[in-house]
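Novice: return atomic coordinates for the entry below.
(one chain, ligands or ions: 2)
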Amino acid sequence: MRTDRTFTMLKPDSVEKGHIGAILEKITASGFRIVAMKLTQMTKADAEAFYAIHNERPFFGELVTYMTRGPIVAAILEKNNAVEDFRTLIGATNPADAAEGTIRKLYAASIGENAVHGSDSDENAAIEGAFHFSGREMF
Ligand code: IDP
Ligand code: MG
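Specialist: Residues are numbered from 1 along each chain as shown. Ligands and ions are numbered 1, 2, ... in the order given. Next up, the predicted model:
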């Protein structure tokens, strides 16, 4: 399992608010190389599958509605220690708890609408990247 790649989504709130450029600038300035990237919109079935691990949680319906309401930017990112370093860059799930300067502190509105996704393990980074991209879309 490679340890130098992670998967991210700039969630619908980030796209709606015009934050794509600022967030990508922060990501690349932090040393991540873009391996794959696209603007896309998840269907209800896509979001239910992507977030299947959360399907018993009380916020699951709200999460699926949010993640499907508009386009997202999906991307695979490369850097040494990518998963952990990207989680540090995005900050805590709840922006109220996120460290100063993190993407969620800067751009997230709430624990639900929290601007960005970052994979939580190397295994999930590979699964999530393959969910959105074919091998010929990775560079
Ligand atoms: P993470 O995105 O920081 O890994 P997870 O616990 O994996 O956080 O939750 C996945 C996503 O579900 C969050 O990013 C957020 O959009 C949403 N979510 C998590 N907890 C809550 C909550 O308590 N209320 C509403 N939405 C939530
Ligand atoms: Mg998570």
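Novice: where are the low-confidence patches of this protein?
Specialist: Of all residues in the chain, none has pLDDT under 70.
Novice: centroid-nearest residue for it?
Specialist: His117 (2.3 Å; CA atoms, centre = their mean).
Novice: surely that residue is in contact with Asp13?
Specialist: No. Under the criterion of CB atoms under 8 Å, His117 is not in contact with Asp13, lying 11.7 Å apart. Using the backbone N, CA and C atoms, a C-beta is placed for each residue, glycine as well.
Novice: contact residues of this protein facing ligand 1?
Specialist: Residues of the chain lying close to ligand 1 by CB under 6 Å from any ligand atom are 54, 59, 62-63, 93, 111-112, 114, 117, 120.
Novice: now those in CSV, with secondary structure?
Specialist: Formatted as CSV, the residues of the chain next to ligand 1 follow (DSSP: H, G, I helix; E, B strand; the rest coil):
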residue, secondary structure
His54, helix
Phe59, coil
Glu62, helix
Leu63, helix
Thr93, coil
Ile111, coil
Gly112, coil
Asn114, coil
His117, strand
Asp120, coil
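Novice: hmm, which two among the residues you listed are most spread apart?
Specialist: Greatest spatial distance in the residues of the chain next to ligand 1: Glu62 and Asp120, 19.9 Å, computed using CB to CB.
Novice: tell me which element the residue lying closest to Ile72 once chain neighbours are set aside is part of?
Specialist: Spatial nearest neighbour of Ile72, excluding adjacent residues (CB to CB, 6 or more residues apart in numbering): Met9 at 4.7 Å. Using DSSP states H and E, Met9 maps to strand 5-10.
Novice: and that strand, which strands flank it?
Specialist: strand 72-78 (antiparallel), strand 116-118 (antiparallel) (DSSP bridges).
Novice: I'd like those strands as CSV, with distance to Asp85 appended.
Specialist: Formatted as CSV, those follow (distance: least, CB to CB, whole Å):
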stretch, distance to Asp85
strand 72-78, 9
strand 116-118, 10
